[in-house]
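Student: Sequence and predicted structure below; questions after.
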Amino acid sequence: SQQGEEDPQALSIQEGENATMNCSYKTSINNLQWYRQNSGRGLVHLILIRSNEREKHSGRLRVTLDTSKKSSSLLITASRAADTASYFCATEGQAGTALIFGKGTTLSVSS
Amino acid sequence: DAGVIQSPRHEVTEMGQEVTLRCKPISGHDYLFWYRQTMMRGLELLIYFNNNVPIDDSGMPEDRFSAKMPNASFSTLKIQPSEPRDSAVYFCASSFGGSGELFFGEGSRLTVL
């Protein structure tokens, strides 16, 4: 069963623009993670935000978490062609349970 | 560290054949996960191990699928007999602790004809 659902499914922007992806989930969480997947490759961890955090930054990435709405957003600022990839949110419920991934948002950045 | 290593990267086989996928996790990691990725169903958790012991195999589709972890540095996912609907990319991932960052391998792309 899928816990997280990303929105939109696909996003096309120009270099330099910001990209925002959203994730909604169903049950309570301890943390929420975002991953990136380049075509034909494995997933790579981007950022983890804990349930008691509301916002977190890492370079050009900004993640927010609203536990009351059971939603998170990933903002990529000043996008580059190299940001073209699929982005997934992942959540786990009780500590020690495995991550469940959404179906992802496919981001295309054109130069 | 070399990261999570999976083999083979690509496998093409015929329906009914046995398929074995292999994974070497990152040294020191105590959790190992097997996921399957398809366009239709996205990333599905198949099974995961903690300290070589299977914890949750509820995602394994059916009895044709089995997974083992004989030691901390090796795991296999076996499909016997394989069917065309098993065609997917199978990922192995490992982590230190169950709820932290996952490190993924590059995946094994399986095509069953």
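Tutor: Everything's here; your move. Just so it is clear, the model here is predicted, and its values are computed rather than measured.

Student: Could you list the low-pLDDT ranges of chain A?
Tutor: In the predicted model, chain A carries pLDDT under 70 at residues A:1-3, A:93-96.

Student: near chain B, which residues of it show up?
Tutor: Contact residues, chain A versus chain B (C-beta under 8 Å from any C-beta of the partner chain): A:2, A:30-31, A:33, A:35, A:41-45, A:48, A:88, A:90, A:92, A:95-104. Yep, even glycine has a C-beta here, placed from its N, CA and C like the rest.

Student: ranges for the helices of chain A?
Tutor: Along chain A, no segments are classed as helices by DSSP state H.

Student: Identify the residue nearest the spatially most central residue of chain B in space, chain neighbours excluded?
Tutor: Of all residues in chain B, the one closest to the mean position by C-alpha atoms, centre = their mean is residue B:34, 3.4 Å from it. Of all residues not flanking residue B:34 in the chain, residue B:46 sits nearest, at 4.4 Å (C-beta to C-beta, 6 or more residues apart in numbering or on different chains).

Student: Count the neighbours of the one you found for me.
Tutor: Residue B:46 is flanked by 21 other residues according to other C-beta atoms under 10 Å in any protein chain shown.

Student: before we move on, what about residue A:84?
Tutor: Using other C-beta under 10 Å, the number of residues around residue A:84 comes to 17.

Student: Quick check: closest non-adjacent residue to residue A:8.
Tutor: The shortest distance from residue A:8 to any non-neighbouring residue, by C-beta to C-beta, 6+ apart, is to residue A:105 (6.1 Å).

Student: which residues touch the residue lying closest to residue B:53 once chain neighbours are set aside?
Tutor: Setting aside the residues directly before and after it, residue B:53 is nearest to residue B:69 in space (C-beta to C-beta, 6+ apart), at 7.8 Å. When contacts are counted by C-beta atoms under 8 Å, 6 or more residues apart in numbering or on different chains, residue B:69 touches B:32, B:49, B:52, B:53, B:54, B:75.

Student: Show me the two of these that sit farthest apart.
Tutor: Using C-beta to C-beta, the contacts of residue B:69 reach their maximum pairwise distance at B:53 and B:75, which is 11.7 Å.

Student: Between these two, which is the more surrounded one?
Tutor: Neighbour count, other C-beta under 10 Å: between residue B:53 and residue B:75, residue B:75 has more, with 24 against 7.

Student: Give me the buried positions along the one helix or strand that one maps to.
Tutor: Taking DSSP states H and E as the definition, one finds residue B:75 inside strand B:74-79. Neighbour counts over strand B:74-79 (16 or more other C-beta atoms under 10 Å in any protein chain shown) mark B:75, B:77, B:79 as buried.
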